[in-house]
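*Asks:* Attaching a predicted model along with its sequence, questions to come.
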Amino acid sequence: MQSIVDLMKKLPILPIVLFLLGLLIGLFTGWGTKEFKDATPYYLRPDLREDYLRMTIDSFLLNQSPDLAVQRWQNLGSTAQAAYEAVQNNPGRQDPAVIKAYGELVTNVLSNGGGQPVPTDTSGGSSSLMKTALIAIGVILVLGVIAGVAIYLFRPFKRSSGETTKAMEAAEFSRSAEKTNFEELGLAPPITQTMTTYVLGDDLYDESFSIDTGAGEFLGEYGVGVSEVIGVGEPKKVTALEVWLFDKNDIKTATKVLMSAHAFTDPAIRSRLEPKGELVTTEPQAQVLLETATLQLLATIVDIEYGKGPLPENSYFDRITLELAIWPRQG
């Protein structure tokens, strides 16, 4: 479960949500926008249709082409007559005789069945087909992104059904380790007692546990995590772990650093870790005591195995199991 939480923290949820939102907004905006292709002057404002007809009349004066004159008239569709009357009523610098001649030419040609009709809506079947295709592509893209996010997000669940993760392997070692019976040793039973294991490859190893009384009163927290690595490359080679104890009645958190045999004798590593807490070398069955104002933590190194590779001998952990037990501090 902790690995899933860590994955959720690393996953860029906000950029993914913003991307999907922008894609949907763009899709619906494009869907609602009418596309015009090869549109005619029919769709212009009345004043611009009038200007278009004036230019048509000027052109007719120069080229005297009846077919072109009629075609440009038909480009105005049902608005052609209104535009012609506006030009005729206000000829401006144009010759009224030329305007009249153009009108008579168009009337004669059209009355004799000449010219080809011009459709008034150019955004028909092909445009609708294009919109449908764009919508389908957009939906496929959105579904693809959602599916990709879901696969990436729930990948740990898929692995858990067949492949054993390092965190699962560590948990199995912790379950198989036998807890100490402190009562047989003449000690009071601890408030809480936990087994935790680090294995090579569990780069997100960071365990923390709550300390509560039987009545549910919160007393503090304790845990263990990676303190120092050695070498380069993946997986990380952990050479020191950090055990800590937080007491709600104490302003300072108690910390001790469990170091590999090599790290404990390396001056450079020791100098980096000394500010974190007391340095302790790791040996099988060795015990480390942490104390705060009202709590005690006894950490026992149940089992340890070093990794083997090009790094110095006994320099990083292949596996280490700790038993952490908490008691109230007497006196």
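*Replies:* It's in. Residues are numbered from 1 along each chain as shown.

*Asks:* name the element E85 belongs to?
*Replies:* Assigned by DSSP states H and E, E85 belongs to helix 80-89.

*Asks:* and the residue nearest to T79 when sequence neighbours are not counted, what is it in contact with?
*Replies:* Spatial nearest neighbour of T79, chain neighbours left out: R49 (5.6 Å); criterion: CB to CB, 6 or more residues apart in numbering. (Glycine included, C-beta is placed from N, CA and C.) By CB atoms under 8 Å, 6 or more residues apart in numbering, the contact set of R49 is 41-42, 76, 79, 83.

*Asks:* do you know how far R49 is from Q81?
*Replies:* Relative to Q81, R49 is positioned 11 Å away (CB to CB, to the nearest Å).

*Asks:* again with I304
*Replies:* 99 Å.

*Asks:* Of those two, give the one with the bigger neighbour count.
*Replies:* Neighbours per residue (other CB atoms under 10 Å) separate I304 from Q81, with I304 holding more: 21 against 12.

*Asks:* thinking again about what came up before, could you redo the contacts of R49 as JSON lines and give each row neighbour count?
*Replies:* What follows is those, written out as JSON lines (neighbours: other CB atoms under 10 Å):
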{"residue": "P41", "neighbour count": "19"}
{"residue": "Y42", "neighbour count": "19"}
{"residue": "L76", "neighbour count": "23"}
{"residue": "T79", "neighbour count": "18"}
{"residue": "A83", "neighbour count": "23"}
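
*Asks:* For L241, grab the count of nearby residues.
*Replies:* By the criterion of other CB under 10 Å, L241 has 26 neighbours.

*Asks:* Provide the partner residues of it in its beta bridges.
*Replies:* Per DSSP bridges, the residues bridged to L241 are V226, L258.

*Asks:* re the thing from before, mind checking what helix or strand follows the helix holding E85 in sequence?
*Replies:* For helix 80-89, the succeeding helix or strand toward the C-terminus, using DSSP H and E, is helix 96-111.

*Asks:* For that next one, give the mean pLDDT please.
*Replies:* Average pLDDT, helix 96-111: 83.

*Asks:* what angle do that helix and helix 80-89 make?
*Replies:* Orientation of helix 96-111 against helix 80-89 (axes from the mean of the first three to the mean of the last three CA atoms, to 10 degrees) gives an angle of 160 degrees.

*Asks:* next one: helix 96-111 to chain centre, how far?
*Replies:* Relative to its chain's centre, helix 96-111 lies at 67 Å (CA atoms, centre = their mean, to the nearest Å).

*Asks:* Show me the contact partners of it.
*Replies:* By CB under 8 Å, 6+ apart, the residues outside helix 96-111 that reach it are 56-57, 60-61, 66, 69-70, 73, 84, 87-88, 91, 115.

*Asks:* coming back round to it: ok, so what distance separates the residue nearest to T79 from A83?
*Replies:* Going from R49 to A83 by CB to CB gives 5 Å.

*Asks:* what is in contact with these two at once?
*Replies:* L76.

*Asks:* circling back: which strands and helices sit next to the helix holding E85?
*Replies:* Counting contacts by 3 or more CB pairs under 8 Å, 6 or more residues apart in numbering; DSSP states H and E, helix 80-89 packs against helix 46-63, helix 66-75, helix 96-111.

*Asks:* quick one: the longest one to helix 80-89, angle?
*Replies:* Interaxial angle of helix 46-63 relative to helix 80-89 (the same axes, to 10 degrees): 70 degrees.

*Asks:* For the stretch 151-300 of the chain, which segments count as helices?
*Replies:* Taking DSSP state H, counting those that start in this stretch to define them, one finds helices in the stretch 151-300 of the chain at 155-160, 166-176, 261-264, 267-273.

*Asks:* Turn these into JSON lines, including distance to E291 and mean neighbour count.
*Replies:* Output for the helices of the stretch 151-300 of the chain, formatted as JSON lines (distance: least, CB to CB, whole Å; neighbours: other CB atoms under 10 Å):
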{"stretch": "helix 155-160", "distance to E291": "38", "mean neighbour count": "12"}
{"stretch": "helix 166-176", "distance to E291": "25", "mean neighbour count": "16"}
{"stretch": "helix 261-264", "distance to E291": "22", "mean neighbour count": "20"}
{"stretch": "helix 267-273", "distance to E291": "20", "mean neighbour count": "14"}
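
*Asks:* Let's have the ones you listed in a markdown table, adding distance to D202.
*Replies:* Below are those laid out as a markdown table (distance: least, CB to CB, whole Å):
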| stretch | distance to D202 |
| --- | --- |
| helix 155-160 | 13 |
| helix 166-176 | 4 |
| helix 261-264 | 19 |
| helix 267-273 | 20 |
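
*Asks:* which one of those helices lies closest to G220?
*Replies:* Across the helices of the stretch 151-300 of the chain, G220 has its closest neighbour in helix 166-176 (21.5 Å, CB to CB).

*Asks:* which secondary structure elements does that closest one contact?
*Replies:* Helix 166-176 packs on strand 192-199, strand 317-328, going by 3+ CB pairs under 8 Å, 6+ apart.

*Asks:* And the longest one, how far out from the chain middle?
*Replies:* So the one you mean is strand 317-328. On CA atoms, centre = their mean, the centre of strand 317-328 falls 36 Å from the chain's centre.
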